[in-house]
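A.B. asks: Whatever this is, show me its structure:
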Amino acid sequence: MFTLEILLYILVFIVSCASFYFSGQLVVKSLISIAKVLEWKEFVITFVVMAIVASLPNLFVGIFSAIQGIPQLSFGDVIGGNVVDTTLAIALAALFSKSGIPAKSRTVQTTLSFTALAALLPILLAWDGVISRPDGVILILFYILYLIWLFSKKENFSKACEEDEKSKNKKNIKKNNASLKKSINNILKIIAGLAIFILASNGVVLSAEYFAKTFNWSLILIGLFIVGIGNCAPEIFFAITSARKNQTWLVLGDLMGAIIGPATFVLGIVALISPIVIQDFSPFAVTRIFLIFSIALFYYFVKNDEKISKKEAAILLMTYIAFIITEIFVKL
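C.D. replies: Below you'll find the predicted structure:
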C-alpha cells in the first residue's frame, strides 16, 4: 500500500531525474555555444565537453552516496548506465539518424578500446567483493592515462578556422564583444545547471535510500534499474537530438565519454571516499553477462563496419530489452 510518505519520495525521485534532464540540456547548450565562440573543433565538443556533462549526474550521485555511506548505489548506477549507453542510447541514436552512426575517425577507433576496458575494469576490480581505495586509485589513473592520450593529439584541439590578426576590423571587434557578453551569460547558466545537478543528486540518493529501507530492495539493484537509467537522460537526449539533426559525428564521442568517465573517474572518487563493499554478487550475475555481451557487440559493430547501422541498432535495442526481461524474470 502506497502511503503519502512513499508517494512523496517517488515524486522527489521523479523530479530529481527530470532535473538531470533539463539541467543537462541547459549545460549542453551553454557549453556548445561557448565552444563555437572559442572556435573549438568538433572533437573537443564531443570527447571533452559532452563527456564531462554526461558524467555529472553520476559524479554527484556518487559523491552523495559515498558521503551517506552507501557507495553501492553509485556502483549499480554506473554499471547499469554502461549497459544503457552501449545498447539503448546508441540504438536510439542510430534509429533516429538518416544512415546510421559513422565511426571511421581514428580517434573514435582508438577510444573504443579505452571504452571497452573502462566498462569492464570496475567489475574486474570488484571480483574480490570490494573496490578498495587502492582500486579507486587504479581507476583514476586509468582515466588520467586516457586524458593524457586524448590531449596528446594536438591536431584535435586546433581552432576550426585560422584568422590573420591583421584582417580583423572593427566589425569583428564588436562581434567579439557581443560574443563575450553571451559567453558570460552562458557561464552563469552552466553554474545554475551545476547547482541543479547537486540538488537533484541529493534527492536521488535520499529517495533511493528510502526505497531500499522501505521495500527491502538492494541498493545495487536500485542503482542498476532506476538511478542508472535516470542518470543516462542527458546523453540519451543529446545522442537522439544530434542524430535527428544529422550531426552524427557528435554521438559516439558523447557516449564513449559517458562510459569512460563514470566507470573510472567517478567510481575512483567514490572508492576513495568510501570503499565499495559488495557482499552479494548475485544481483550482478545477469548484469555482468549482458554488460560483457553488449560491449562485445558494440566493439564489433564499430570495428567491423566502422559505423552503427540501423540493423545493428535493432540488435542492440533487442539486447537491452532482453536484459530487462531477463532481470525481471530472475527477480520474480
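
A.B. asks: Are we agreed that residue 184 is in a helix?
C.D. replies: Yes. The assignment for residue 184 by DSSP: H, G, I helix; E, B strand; the rest coil puts it in a helix.

A.B. asks: And the pLDDT at it?
C.D. replies: Model confidence at residue 184, given as pLDDT, is 81.

A.B. asks: Could you do residue 29 as well?
C.D. replies: Looking at residue 29, its pLDDT is 77.

A.B. asks: check contacts around it.
C.D. replies: Shown in contact with residue 29 (C-beta atoms under 8 Å, 6 or more residues apart in numbering): residue 189. Where C-beta positions appear, they are placed from N, C-alpha and C, glycine not excepted.

A.B. asks: tell me which element it falls in.
C.D. replies: helix 4-37 (DSSP states H and E).

A.B. asks: Pull out the buried positions in that helix.
C.D. replies: 9, 12-13, 16-17, 19-21, 23-28, 30-35, 37 (16 or more other C-beta atoms under 10 Å).

A.B. asks: repeat for stretch 220-227
C.D. replies: 220-227.

A.B. asks: so how far does that stretch reach from one end to the other?
C.D. replies: 10 Å (C-alpha to C-alpha, to the nearest Å).

A.B. asks: now do stretch 79-94
C.D. replies: 22 Å.

A.B. asks: Centre of the chain to that stretch, how far?
C.D. replies: Chain-centre distance of stretch 79-94: 10 Å, with C-alpha atoms, centre = their mean, to the nearest Å.

A.B. asks: Quick one: mean pLDDT over that stretch.
C.D. replies: Here the average pLDDT along stretch 79-94 is 90.

A.B. asks: Could you do stretch 101-111 as well?
C.D. replies: Mean predicted confidence for stretch 101-111 is 82.

A.B. asks: which other residues reach it?
C.D. replies: By C-beta under 8 Å, 6+ apart, stretch 101-111 touches 43, 47, 90, 93-94, 112, 149-150, 153, 156, 243, 248-249, 251-253, 256, 260, 302-303, 305-308.

A.B. asks: And for stretch 285-296?
C.D. replies: 79-80, 82-83, 86-87, 115-116, 119-120, 123, 224, 316, 319-320, 322-323, 326-327, 330.

A.B. asks: For it, which residues meet the burial criterion?
C.D. replies: Buried, per 16+ other C-beta under 10 Å, within stretch 285-296: 286-288, 290-291, 293-295.

A.B. asks: With stretch 241-257 instead?
C.D. replies: Those would be 241-243, 248-257, for stretch 241-257 by 16+ other C-beta under 10 Å.

A.B. asks: One more: stretch 119-128?
C.D. replies: Applying 16+ other C-beta under 10 Å to stretch 119-128 flags 119-123, 125-126 as buried.

A.B. asks: Send me it as CSV with only the CA atoms.
C.D. replies: Extracted in CSV, the C-alpha atoms of stretch 119-128 (Å, rounded to 0.1, in the frame of the first residue of the first chain):
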residue,chain,number,x,y,z
ALA,A,119,33.5,-0.5,-18.8
LEU,A,120,34.9,-3.9,-17.7
LEU,A,121,37.5,-2.6,-15.2
PRO,A,122,35.1,-1.9,-12.2
ILE,A,123,33.7,-5.5,-12.4
LEU,A,124,37.2,-7.0,-12.5
LEU,A,125,38.4,-4.9,-9.6
ALA,A,126,35.2,-5.8,-7.6
TRP,A,127,35.7,-9.5,-8.2
ASP,A,128,37.0,-9.9,-4.6
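
A.B. asks: residues in contact with it?
C.D. replies: Taking C-beta under 8 Å, 6+ apart as the rule, stretch 119-128 contacts 75, 78-79, 82, 86, 131, 135, 138-139, 142, 259, 263-264, 267, 276, 278, 284, 288, 291-292, 295.

A.B. asks: Any of these buried? List them.
C.D. replies: 75, 78-79, 82, 86, 131, 135, 138-139, 142, 259, 263-264, 267, 276, 278, 284, 288, 291, 295.
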